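>>> Here is a sequence together with a model predicted from it:
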Amino acid sequence: MSYHEYIAVEGAIGVGKTTLARLLASTFSAELLLEVFEENPFLSDFYADRQRYAFQTQIFFLLSRYHQQHRVVPSTLQKNRLVSDYFFDKDRLFAGLNLANDELAMYSRIQSILGEQIPVPDLVVYLRADTNVLMQRIALRDRPFERNMDPDYIDALRQTYEQFMAEYRKAPVLAIDTNEIDFVRSEEDRNYVIGLVRAALEEGAIQQSLPQLRSDAPPTGIRILSGGRRRLGDFQRFHRALDREKGFGSDLSLNFVGLTEEVGEVGRELKQVLRRAEKLQPVVGNREEALDRALSEQRANLAAEMADVLAYLLKLANYAGIDLEAAYIEKMGVNWRRQWDADSLPDRPA
């Protein structure tokens, strides 16, 4: 099965998402998915009175975006590349700006459940622009419901996007400053942006697919089972979906016991390796070669047991609400800066 990439273009209102998405879809011979926002019956009222109509507007957008992406994205990616002018997580960004207290809490619970069913992009192209530039572009396109757009709201949205994208970790983000770029009229600017996107796609490593799991894959659209640019957070999301689909327990104590048992299995396999190396050493003549041969004999079993250890770690991280990749990066950053005594340097990373 070939792997088809998913590119999402994001940015504040008026930054040029749809225009660039159309351009990229044409350039990469990809399918195009455009956000449907005009059908939201609360949108005009929301721009007139944001506080009163924020919850209705946000819930409508959430369900509309979920319905569109859950229906279109997985099926499209089975046969072709896809470019979209939004990604599902943007909904959370707008909710954080427009909702508060119980409304935000209720929205967050619904969004979290629905978000697990939506594929994560392979690349998010984030378009930046200053507030005055955004207001000029909004005025130029002259949509009726945007004619009285509040500059303060656009500025708050721009700042929210900046913070959100700076902290976004689910997929690689390519940020492009568009203040001085006109990829509509300038061929040079157009080629420049396309070159940036092409380079970002080519630089990312493509992981191998997991065909042995495909037949048992939960029907959630999580594309980790088809390979691609995946991160540790994707593996955590896969385990949440797998646990729900297969009815696996999420009890903290039982999963901890499972982890210790699997660590013990890794120890047992390593013990077998060492014993085998000890027997091979007189035959091959040196310990290093004996150990290499013993490892090659036991590698498949050792890999399976290590995979089980990782699975239980991911499950425990899910239960505890820990972003394991972020925790690992932070801890290794501490270790990188840490100074050890030369006499106490162990063969361990912690």
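That came through fine.
>>> Who are the contact partners of L127?
Taking CB atoms under 8 Å, 6 or more residues apart in numbering as the contact definition, L127 lies against V9, E10, G11, V15, G16, K17, L20, I176, T178. C-beta coordinates here come from the backbone N, C-alpha and C atoms, glycine included.
>>> Assign the fourth one to helix, strand or coil.
Going back to what we said before, that points to V15. Under the three-state scheme (DSSP: H, G, I helix; E, B strand; the rest coil), V15 adopts coil.
>>> hang on, the earlier thing: among the contacts of L127, which one has the most neighbours?
Of the contacts of L127, V9 is surrounded by the most neighbours, 29 neighbours in total, counting by other CB atoms under 10 Å.
>>> Which residues are in contact with that residue?
Counting by CB under 8 Å, 6+ apart, V9 makes contact with K17, T18, L20, A21, L24, V83, S84, D85, Y86, V124, V125, L127.
>>> Can you turn the buried subset of the residues you listed into a selection I can paste into ChimeraX?
The following ChimeraX line selects those of the contacts of V9 that are buried, judged by 16 or more other CB atoms under 10 Å:
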select :17,18,20,21,24,83,84,85,86,124,125,127
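>>> Now tell me what touches the host helix or strand of I113 from outside.
Element membership for I113, per DSSP states H and E: helix 101-115. The list of residues contacting helix 101-115 from outside it, by CB under 8 Å, 6+ apart, reads 54-55, 58-59, 62, 66, 70, 88-89, 91-92, 95-96, 99.
>>> I'd like the next helix or strand past it.
Tracing the chain C-terminally past helix 101-115 and defining elements by DSSP H and E, one meets strand 123-128 next.
>>> closest to E265 among the contacts of L127?
Minimum distance to E265 across the contacts of L127 is 43.4 Å, recorded for E10 (CB to CB).
>>> List the contacts of the nearest residue to that closest one once chain neighbours are set aside.
Nearest in space to E10, with sequence neighbours left out and distances taken as CB to CB, 6 or more residues apart in numbering, is Y126 at 5.2 Å. Counting by CB under 8 Å, 6+ apart, Y126 makes contact with E10, G11, Y161, M165, V173, L174, A175, I176.
>>> same question, T160
With contact set as CB under 8 Å, 6+ apart, T160 has these partners: L93, G96, L97.
>>> What's the PyMOL line that selects buried ones from those?
Those of the contacts of T160 that count as buried under 16+ other CB under 10 Å are selected in PyMOL with:
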select buried, resi 93+97
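>>> how much space between E39 and R52?
With distances taken as CB to CB, to the nearest Å, E39 is found 20 Å from R52.
>>> actually N335, sorry about that
Counting by CB to CB, the gap between N335 and R52 amounts to 51 Å.
>>> Would you reformat the contacts of V9 as JSON lines and include pLDDT?
Written out in JSON lines, the entries for the contacts of V9 read as follows (pLDDT from 0 to 100):
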{"residue": "K17", "pLDDT": "94"}
{"residue": "T18", "pLDDT": "93"}
{"residue": "L20", "pLDDT": "95"}
{"residue": "A21", "pLDDT": "96"}
{"residue": "L24", "pLDDT": "96"}
{"residue": "V83", "pLDDT": "96"}
{"residue": "S84", "pLDDT": "96"}
{"residue": "D85", "pLDDT": "95"}
{"residue": "Y86", "pLDDT": "93"}
{"residue": "V124", "pLDDT": "92"}
{"residue": "V125", "pLDDT": "94"}
{"residue": "L127", "pLDDT": "95"}
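>>> sorry, back to before: neighbour-wise, give me the winner out of the contacts of helix 101-115.
Sorting the contacts of helix 101-115 by how many neighbours each has (other CB under 10 Å) puts Q58 first, at 25 neighbours.
>>> what is the mean pLDDT for the helix or strand containing it?
With the criterion set as DSSP H and E, the secondary-structure element containing Q58 is helix 50-77. Regarding helix 50-77, the rounded mean pLDDT is 88.
>>> on contacts alone, who are the packing partners of the next helix or strand after it?
Tracing the chain C-terminally past helix 50-77 and defining elements by DSSP H and E, one meets strand 82-84 next. Contact here means 3 or more CB pairs under 8 Å, 6 or more residues apart in numbering; DSSP states H and E; on that basis strand 82-84 packs against strand 6-11, helix 17-27, strand 31-33, helix 50-77.
>>> between these, which gets nearest to V197?
Proximity to V197 (CB to CB) singles out helix 17-27 among these, at 6.2 Å.
>>> Report the distance from that closest one to the chain centre.
Taking CA atoms, centre = their mean, to the nearest Å, the mean C-alpha location of helix 17-27 is offset from the chain mean by 21 Å.
>>> Other residues contacting that helix?
Counting by CB under 8 Å, 6+ apart, helix 17-27 makes contact with 7, 9-11, 30-32, 34-35, 83-86, 125, 127, 183-184, 190, 193-194, 197, all of which sit outside it.
>>> What of stretch 278-293?
Contacting residues not belonging to stretch 278-293 are listed as V273, L274, R276, A277, A294 [CB under 8 Å, 6+ apart].
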